[in-house]
Structures are given as structure tokens and as C-alpha cells.
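Asker: here you go, sequence then predicted model.
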Amino acid sequence: EPEVTQTPSHQVTQMGQEVILRCVPISNHLYFYWYRQILGQKVEFLVSFYNNEISEKSEIFDDQFSVERPDGSNFTLKIRSTKLEDSAMYFCASSLTGGSSYEQYFGPGTRLTVT
Amino acid sequence: AQTVTQSQPEMSVQEAETVTLSCTYDTSENNYYLFWYKQPPSRQMILVIRQEAYKQQNATENRFSVNFQKAAKSFSLKISDSQLGDTAMYFCAFMITNDYKLSFGAGTTVTVRA
């Protein structure tokens, strides 16, 4: 069964550094998402992406964050200048199309640790 | 804004028995979907069951069923005949119809004992 994959599984970076988290969504899916979960807190929506544009973003998704689909398979989340509070598990998800009737398939997550 | 509350951080159940996980939510919307996701240890979240708010009939998927009480804004998950493979974190989630984002509860860790 097709799966969403994410790399790396764990990323350690120093405060102020840029990080890129990578995701390969399911191949025929058109909508892509990033969520994050700070340790001990809820999973939170960051951004959704369709047709090479952001379709919705949360207030967490400020100018430090950007998303890109650089080729036909990858979907990336970039954090320009990491802060300690960016330490979290980041989940990528994809769905066949948008809207609530279509299941979002999640990747295993990337644990980001900012020191 | 929508909020989802799961009041049980952890639950333990004997194999073959039944466990019920609670979830309440708050919204002013009338059209929405509710979901239960399962996240086994070190693996990705997978959808267990989905309920459309406009449907009165409770959704069921094999051993998993929900009790959806729209007026009470309650959406509990019942796992019948629990199996060791049901050990996981379970998240309740909410989405407004035709929206893109899921709003999650804090999760309930379920441990099935042999």
C-alpha cells in the first residue's frame, strides 16, 4: 500500500540555522499538508498546499516557514532561522483531493531538535 | 475556532475486552466531519473511522464504532474485542466540511494487556 515517507527521521540543528524537512507524498495525491506536535502538546496544523500554492496556513506558519514542491515527488518544509521553540515532531500528510471527505494520509514524522 | 478535548491521557484494557475513548469538541459550525486516528508506536497515524455530522447513524468499521452525540458535541470511540495490535495513541480530530485542516485532541494512549 502506498505510504507517505519523510526524511530525515531525526534532525538536530543549532538555533539560527536553516533546516529543510522532506516528504514524499503518495504519488497521485494533489493536496499536501504539514502539521507539527510539540512534545506533550496537540498535533497542530501548519499549512496546506495545492497546485503549487498555499491554500491555507495557520498563525504558526509565519515568515520563517516556507513550503515548496521542487519536483514531481517531493514536498518540503523550510524553516529559515530555527528557534528553540521549533523543536517538535513534524508530520507531512497528503490527500487525493481537498476537503473533509478525503482521507489525509500521514507520514511517520521528522523529529526536529533545536539546540 | 474549533477545540477538541480528550480527557483520558491513558487507558489500559485486557485483550478481548472493550474499551471506550471519549472525545468532546466545541464548534459553532453545523457541517463538519469527525475522525479517529490511530498512531502505533513509532509508526504513522492512520485513519480508523470517520463520521459525517449530518449523518445520524453512528459509523462502524469492524471492531471500531463511534457514539456520535451531536447535541452534546461528543464523539466516543469503542474498541471491541481488543487485540494486542490495538496498542497505540488514539487521536480524535475535527474538520469543517470542505476545509483542509484537521484539529486534533491531545490523544489517548491505549495499552492492550495480554
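Answerer: Perfect, I can see it now.
Asker: not counting sequence-adjacent ones, nearest residue to the residue most central in space within chain A?
Answerer: In chain A, the centroid-proximal residue (Cα atoms, centre = their mean) is A:Trp34; its distance is 3.1 Å. In space, and not counting its chain neighbours, A:Trp34 is closest to A:Leu46: 4.3 Å by Cβ to Cβ, 6 or more residues apart in numbering or on different chains. For the C-beta atoms, the positions are set from N, CA and C on the backbone; glycine is no exception.
Asker: who's in contact with that neighbour?
Answerer: Residues counted as contacts of A:Leu46 (Cβ atoms under 8 Å, 6 or more residues apart in numbering or on different chains) are A:Tyr33, A:Trp34, A:Tyr35, A:Arg36, A:Lys57, A:Ser58, A:Ile60, A:Phe61, A:Phe65, A:Leu77.
Asker: what pairs with the residue nearest to the centre of chain A across the strands?
Answerer: Under the criterion DSSP bridges, A:Trp34 forms beta bridges with A:Val47, A:Cys92.
Asker: ok, now how distant is it from B:Gln39?
Answerer: Using Cβ to Cβ, to the nearest Å, one gets 17 Å for the distance from A:Trp34 to B:Gln39.
Asker: now do A:Glu85
Answerer: 23 Å.
Asker: look at the two and report which has more neighbours.
Answerer: B:Gln39 (20 against 9; other Cβ atoms under 10 Å in any protein chain shown).
Asker: for that one, name its beta-bridge partners.
Answerer: Taking DSSP bridges, one obtains B:Met89 as the residues bridged to B:Gln39.
Asker: wouldn't it be in contact with B:Leu47 here?
Answerer: No: B:Gln39 is not in contact with B:Leu47 according to Cβ atoms under 8 Å; the separation is 10.9 Å.
Asker: the residue lying closest to A:Ser55 once chain neighbours are set aside: neighbour count?
Answerer: Spatial nearest neighbour of A:Ser55, chain neighbours left out: A:Ser48 (4.8 Å); criterion: Cβ to Cβ, 6+ apart. As a burial measure, A:Ser48 scores 25 neighbours (other Cβ under 10 Å).
Asker: picking up where we left off before, ok, now which ones touch the residue nearest to the centre of chain A?
Answerer: By Cβ under 8 Å, 6+ apart, the contact list for A:Trp34 reads A:Leu21, A:Cys23, A:Leu46, A:Val47, A:Val67, A:Leu77, A:Tyr90, A:Phe91, A:Cys92, A:Ala93.
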